Structures are given as structure tokens and as C-alpha cells.
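Novice: Got a sequence here, can you model it:
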Amino acid sequence: QVQLVESGGGAVQPGGSLRLSCVVSGQPLTSYTMAWFRQAPEKEREFVAGVAWSGLATSYDDSVKGRFTISRDNSKNTVYLQMDNLKPEDTAVYYCARRRGSLLGFPTDVEKYDYWGQGTQVTVSS
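Specialist: Prediction:
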């Protein structure tokens, strides 16, 4: 059984930083595209960033480009999301997800991902 467990969320002031981690167990992380999504209250879950299995290709939503960095360490079965210069509009529950099948690309459709973590809360407020 594949399990994804996120950690690293918390409350920070605008301009602050957080680093989220997602540990995957039950199956090697290699060969799968991984992504981070987020969901704010009363809003749909939205794509934030994705990283290819090699770690060499990444994709970001325009709202986080230049501020967030996604990376992975396949030897540790872990995906990271470094979030800098956080803004109040970044407040949401952040989810880690595994792309369905060993496919290329970074779809923003949640249906394209088969395993999800339980989420970690990020709150940006002064």
C-alpha cells in the first residue's frame, strides 16, 4: 500500500519561509512524477508545482513562480517544496500527490494523480 505523509506546515508571517516534505512509503518513488497541490477554504484543489522522476524537469503555477522550489530525493523517497516570500494568499492545506502511471508531463487535473497525502496546513498571516 502506497502512503504519502506530508510535514513542515505551520504559521508564518508574510515574507517568511517554510519547507514542506512528503515521504512516500510502500513503493519506490523512482519513475513517478510527483506534485504539490493546495486547497484554500471554499476553493477547489489547485496545482502548485510538479517534478519529474529525474528531478530535472519541473513545473510551477504562475502564482508561485520565483518563490517556490520543488525538489526530490529518490534515495529518501521524499519530495520537498521550499516556499519563500510567502503571501497571505498562499494560506491553504498543501497536499503531496503521485502522478497516475509512469507518464510524462505535469497535469493540473487532480484525476491524473492516484495517491495523495493527508495534507499539511500552511497559514500566512501578520
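Novice: so Arg72 bridges to which residues?
Specialist: With DSSP bridges as the criterion, the beta-bridge partners of Arg72 are Val79.
Novice: was I right about it contacting Gly50?
Specialist: No - using Cβ atoms under 8 Å, Arg72 and Gly50 do not qualify as a contacting pair, with a distance of 10.4 Å. C-beta: built from backbone N, CA, C; applies to glycine.
Novice: Return every residue with contacts to both of the two.
Specialist: When Cβ atoms under 8 Å, 6 or more residues apart in numbering defines a contact, the residues bordering Arg72 and Gly50 alike are Met34.
Novice: how would you label Glu89: helix, strand or coil?
Specialist: helix (DSSP: H, G, I helix; E, B strand; the rest coil).
Novice: Can you report how many residues neighbour it?
Specialist: 10 (other Cβ atoms under 10 Å).
Novice: so what's it up against?
Specialist: For Glu89, the set of contacting residues under the criterion of Cβ under 8 Å, 6+ apart consists of Ser63, Val124.
Novice: Bridge partners for the most centrally placed residue in the chain, pull those for me.
Specialist: Among the residues of the chain, the one closest to the centroid is Trp36, at 2.0 Å (Cα atoms, centre = their mean). When bridges are assigned using DSSP bridges, the partners listed for Trp36 are Ala49, Cys96.
Novice: wait, isn't it in contact with Leu81?
Specialist: Yes - the pair Trp36 and Leu81 passes the contact test of Cβ under 8 Å, sitting 4.8 Å apart.
Novice: mind listing the strands for this protein?
Specialist: In the chain, the segments counted as strands under DSSP state E are 3-7, 10-12, 18-25, 34-39, 46-51, 58-60, 68-73, 78-83, 92-99, 113-116, 120-124.
Novice: distance of the closest residue to Asp90 other than its chain neighbours from Leu86?
Specialist: Of all residues not flanking Asp90 in the chain, Val124 sits nearest, at 5.2 Å (Cβ to Cβ, 6 or more residues apart in numbering). Applying Cβ to Cβ, to the nearest Å, one obtains 5 Å for the distance of Val124 from Leu86.
Novice: Understood, closing this out.
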